[in-house]
Structures are given as C-alpha cells and as structure tokens.
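S.K.: Below are the sequence and a predicted model for it; my questions follow.
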Amino acid sequence: MTLTETSISIESTNGVAWLRFNRPDTLNAVSTAALAELAEALESARDADAVVITGAGRAFCTGADLGTDVNGATVAAAGEVVSLIAAMPAPVIAAVNGPAAGVGASIAFACDLVLAADSAFFLLPFLPLGLVPDGGATHAVVTGAGRTRAARMAFGGERIPAALAAEWGLVGEVVPAAELEARIGEVVSRLCSAPRAAVTETKRLLRAAEAPALAAALQRELEIQSDLLGRQEYARAREGFLARKPVDFRGERG
C-alpha cells in the first residue's frame, strides 16, 4: 500500500514501512506541517517490523524550509519526530541518499541504523542563521562523534562527507549510491527474519542508557531555539539567506 501526503510518502511492503521525504523540488526541506506528517507516519508504522526513512530525488532532507514560518512549534515538531524514532518498537533505519542538513541531519543521526550513499554529506548550518543545532543534534553528534568533532560541525559549518561521518561514528555504513536501496533491503530482511521480541528488546536496551540525556537535550534545544527564532538576528539572517546575501554580524553583540 502506498499513501502520498503533501510532504511525506508512505509505502508498506512485507512488514517494512518506507517513509520518504517527498519534496524533491526543495531538496526535501521541511515545514512544521511536514514534520507533523512525519510524526504521524511514524505513529502509523508502530506495528512494522522495520522502518526506513529516506528522501525522494537527490537529497535526504536539507533542513527547515526557511520560506515557511519556522518557530518554536517547528522545533517541538522535530523533537517529537526524534522522540518517536527512539521509542518505536522496531528499528528505524536512515537511508541517507543525498545531502542531510540541519534538522535533516538530526533526524538521520537519531535513527537506530544510519546507512549513507557515498555521495551523501552532513551539514549543521545553524550558526549563520543565529540559531543552534536542534532535533537532538546536540546530543546525537556529541555522543556519536565526541564534543570536539561536534564543535567542528556546529561552529565550522562544513560539509562532512559520508565516509568521514562513518569514521566519526555518525554513520554505520557507506555504500555506492546505486547500491543503497539494495543494501537497505538486505539489512531489513535480516531484521525482519529475526524473532520480533529479540529485536524490540535489543533496541530498548540500546536506547535505555541515553534516553534521559536525549530528553534533556531536546528540552534545552526547544527553550533556546525558541528564544533565538524570535530575535532580530534570525529575522535578518533569514532574509539574507532567502535573498542569497549572507549577513555579516561582526561587531554586533546579541
């Protein structure tokens, strides 16, 4: 069965739910509504044996759509998606087929398994917008890659190729782009053929130790990001981004 929503498409095949960011014309940038759709899709897939999140076209997800109203509700919706990924009984697999930026990277890092095409990259582009990483990134990247590398991503704003992200512990496996979907098929086949209780309990145990830290990070991100989104620095930076004229804030203090 396939159901296509405005921004998220859902396909269920042999016990596997494929959730796909479905705005290839915007490189799968997401609005508050799209994140809510993804949360609903995850809820609808709770009985699946495995869940795969991927993107239509050449991108995974390039973050929040700054052409829409990005506010505290957007941050809360992203946090809900990440919390649902952690709480799902089945493993959630990120099939990162292309660029994963902003909250797109956060969602990928939140998944239980992260497989990426060799052409994919990860980017945390928050700082020039006057914002902080959200979607649990302040937890996931520090936990997976360490604080120094997390600082490199958050402050440096550089594109981290999939192979380097794998070296850092943020990606589990990198495969040629043309082979990504087939490799995902192999992974989910193995998961679906194992006893369901063992798979579920393995995920629960792996998630248990980090659950309080993740919840705390999501709450801190929500409070701080909501404040920053209401500031003039963000409004100016957003305007500059949309006009392709980055704002230089040197000499200013918030």
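M.R.: Received the coordinates, thanks.
S.K.: Mind telling me what element residue 249 is part of?
M.R.: Per DSSP states H and E: residue 249 is located in neither a helix nor a strand.
S.K.: Within the helices and strands, which one has the closest residue to it other than its chain neighbours?
M.R.: With Cβ to Cβ, 6 or more residues apart in numbering as the criterion, residue 249 has its nearest non-adjacent residue at 6.7 Å, and that residue is residue 233. For glycine as for every other residue, the C-beta is placed from the backbone atoms N, C-alpha and C. According to DSSP H and E, residue 233 maps onto helix 232-242.
S.K.: starting at the chain centroid, how far to that helix?
M.R.: How far helix 232-242 lies from its chain's middle: 23 Å, per Cα atoms, centre = their mean, to the nearest Å.
S.K.: and if you look at stretch 11-26?
M.R.: Distance, centroid of stretch 11-26 to centroid of chain: 14 Å (Cα atoms, centre = their mean).
S.K.: and for it, what are the contacting residues?
M.R.: With contact meaning Cβ atoms under 8 Å, 6 or more residues apart in numbering, stretch 11-26 is reached by 1-10, 28-30, 34, 38, 41-42, 44-45, 48-62, 65, 104, 188, 192.
S.K.: what's the answer for stretch 125-134, then?
M.R.: With Cβ under 8 Å, 6+ apart as the test, stretch 125-134 has contacts from 63, 66, 75, 78-79, 101-103, 106, 124, 138, 141, 154-155, 157, 221-222, 224-225, 228-229, 231, 233-234, 236-238, 241, 246-247, 249, 254.
S.K.: how long is that stretch from one end to the other?
M.R.: 11 Å (Cα to Cα, to the nearest Å).
S.K.: picking up where we left off before, which of the contacts of stretch 11-26 count as buried?
M.R.: 7-10, 28-30, 34, 38, 41-42, 45, 48-57, 59-62, 65, 104, 188, 192 (16 or more other Cβ atoms under 10 Å).
S.K.: All the strands of the chain, residue numbers only.
M.R.: 2-4, 8-13, 16-21, 50-55, 92-96, 100-101, 113-117, 121-123, 160-161, 173-175 (DSSP state E).
S.K.: Using PDB, list the CA coordinates for the third one.
M.R.: Extracted as PDB, the C-alpha positions of strand 16-21 are listed here (Å, rounded to 0.1, in the frame of the first residue of the first chain):
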ATOM      1  CA  VAL A  16       8.700  -2.700   6.200                       C
ATOM      2  CA  ALA A  17       7.400   0.900   6.300                       C
ATOM      3  CA  TRP A  18       9.300   3.200   4.000                       C
ATOM      4  CA  LEU A  19       8.800   6.900   4.900                       C
ATOM      5  CA  ARG A  20      10.100   9.200   2.300                       C
ATOM      6  CA  PHE A  21      10.600  13.000   2.400                       C
END
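S.K.: ok, now which ones touch the residue most central in space within the chain?
M.R.: Central residue of the chain (Cα atoms, centre = their mean): residue 107, 1.7 Å from the mean position. Applying Cβ under 8 Å, 6+ apart to residue 107 gives the contacts 38, 53, 61, 78, 81, 82, 85, 94, 100, 135.
S.K.: The fifth one: neighbouring residues, count only.
M.R.: In other words, residue 81. 25 (other Cβ atoms under 10 Å).
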